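>>> using only what follows, build the 3D model:
(chains A and B)
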Amino acid sequence: DMKVTQMPRYLIKRMGENVLLECGQDMSHETMYWYRQDPGLGLQLIYISYDVDSNSEGDIPKGYRVSRKKREHFSLILDSAKTNQTSVYFCASSPLAEQFFGPGTRLTVL
Amino acid sequence: QQKVQQSPESLIVPEGGMASLNCTFSDRNSQYFWWYRQHSGEGPKALMSIFSNGDKKEGRFTAHLNKASLHVSLHIKDSQPSDSALYFCAVSRGSNTNKVVFGTGTRLQVLP
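Now for the predicted structure:
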């Protein structure tokens, strides 16, 4: 059963703290993504990864960085989180075109 | 930069009715188009894709693409309460299937 997992599902952090969001997939997809979803803005692409250690900035990379050391695992890191990074974060993976999304992580930065 | 706009923002239809969702895009070089559906508390899930001008039908869902008018639409026939969700169109950046731009979404509510 094809699956994208995200941990944690909910997270509350204080401004200035570091945040690690983790994503896993069991489909051996080469391409993985991180998006954030805000009301009225749709899904905005933060980073895309084409394979291990092959990452590329998306449309809104500022304030974020990523790590992909294994094909099945893709992490999003917020160094010194800001209140405007409060959002729902989605990870996705793709074999070619269609994207498979995880359930999301709701991050609140106080 | 590719801009993708959806209308309406929200839509209410009665059970059994027809729901029509619209999407306009700005890049004439876009070649691949998808509709995604997101139920509350879940991640988006691909509903259907369309790559050629014209209609594509999958069950109760019909997608229509007109590249010349930069327009793609989704029509849901015989709408069910389970169709209530947030619908996104996703448009490729030129011929790049790896990178898409998502629209702002249409929230559909189907009333029993």
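
>>> contacting residues for the closest residue to chain A within chain B?
Of all residues in chain B, residue B:43 sits closest to chain A, at 3.2 Å by CB to the nearest CB. C-betas here are computed from N, CA, C, even on glycine. Taking CB atoms under 8 Å, 6 or more residues apart in numbering or on different chains as the criterion, residue B:43 is in contact with A:4, A:90, A:92, A:101-104.

>>> who in chain A is up against chain B?
Neighbours of chain B within chain A, by CB under 8 Å from any CB of the partner chain: A:4, A:31, A:35, A:40-45, A:48, A:50, A:90, A:92, A:94, A:96-104.

>>> sorry, back to before: among the contacts of residue B:43, name the ones in strands.
Using DSSP state E, the members of these that fall within strands are A:4, A:90, A:92, A:101.

>>> touching, the first one and residue A:34? I think so.
Same thing as residue A:4. No - counting by CB atoms under 8 Å, residue A:4 stays clear of residue A:34, with 11.6 Å between them.

>>> what do those two both touch?
Common neighbours of residue A:4 and residue A:34, counting by CB under 8 Å, 6+ apart, are A:23, A:91.

>>> check contacts around residue A:97.
By CB under 8 Å, 6+ apart, residue A:97 lies in contact with B:32, B:34, B:49, B:97-98.

>>> can you narrow those to ones near chain A?
Filtering the contacts of residue A:97 for proximity to chain A (criterion: CB under 8 Å from any CB) leaves B:32, B:34, B:49, B:97-98.

>>> would you say residue A:84 is within a helix?
Yes - secondary structure of residue A:84 (DSSP: H, G, I helix; E, B strand; the rest coil): part of a helix.

>>> separation between the closest residue to it other than its chain neighbours and chain B?
Leaving aside its chain neighbours, residue A:84 sits nearest to residue A:109 (8.0 Å; criterion: CB to CB, 6 or more residues apart in numbering or on different chains). The gap separating residue A:109 from chain B is 21 Å, by CB to the nearest CB, to the nearest Å.
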